[in-house]
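Undergrad: here's a sequence, model it:
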Amino acid sequence: TLFCGGCGAPFEGPSEHVAYNFRALYHRCDDATLLFPGHEYSETLLLEYFGGGQPTPGTARHFSALCDALQRTRDRLAHSLPSVPVVLGDE
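TA: From the prediction side, this is the model:
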């Protein structure tokens, strides 16, 4: 499952299949495609990038986008709004 900031564990196949399918999504879908994850894990997954659970983005632009995504998520959750959908091009 694709989530804002990450993905679910591949219980039904190897991680290579997950990576292949996600690449196919990125190549077939427009950057403006909306993603509607079935679970609200955005804040938890995005925080992993700041706590060492995920690799820190390699460029200032990507790090800034990650910070923006976390702030957007926190703002929405603080107002009892869902953090999803998210835009594929932001992932």
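Undergrad: only C-alpha atoms from now on, for both contacts and neighbour counts.
TA: Will do.
Undergrad: now the helices for this protein?
TA: 15-28, 42-51, 60-78 (DSSP state H).
Undergrad: highest average neighbour count across those?
TA: Among the helices of the chain, ranked by average contacts under mean count of other Cα atoms under 10 Å, first place goes to helix 42-51 (a mean of 17).
Undergrad: need the residues that contact that one.
TA: By Cα atoms under 8 Å, 6 or more residues apart in numbering, the residues outside helix 42-51 that reach it are 3-6, 54-56, 66, 69-70, 73-74, 83.
Undergrad: so which of the residues you listed is the closest to Glu40?
TA: Ser83 (7.2 Å; Cα to Cα).
Undergrad: list the residues that contact the closest one.
TA: Neighbours of Ser83 in contact, by Cα under 8 Å, 6+ apart: 40, 42, 72-74, 76-77.
Undergrad: can you list these in a markdown table and add pLDDT and distance to Glu91?
TA: Shown next, in a markdown table, are the contacts of Ser83 (pLDDT from 0 to 100; distance: Cα to Cα, whole Å):
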| residue | pLDDT | distance to Glu91 |
| --- | --- | --- |
| Glu40 | 88 | 15 |
| Ser42 | 91 | 11 |
| Arg72 | 94 | 13 |
| Thr73 | 95 | 13 |
| Arg74 | 97 | 17 |
| Arg76 | 95 | 17 |
| Leu77 | 96 | 19 |
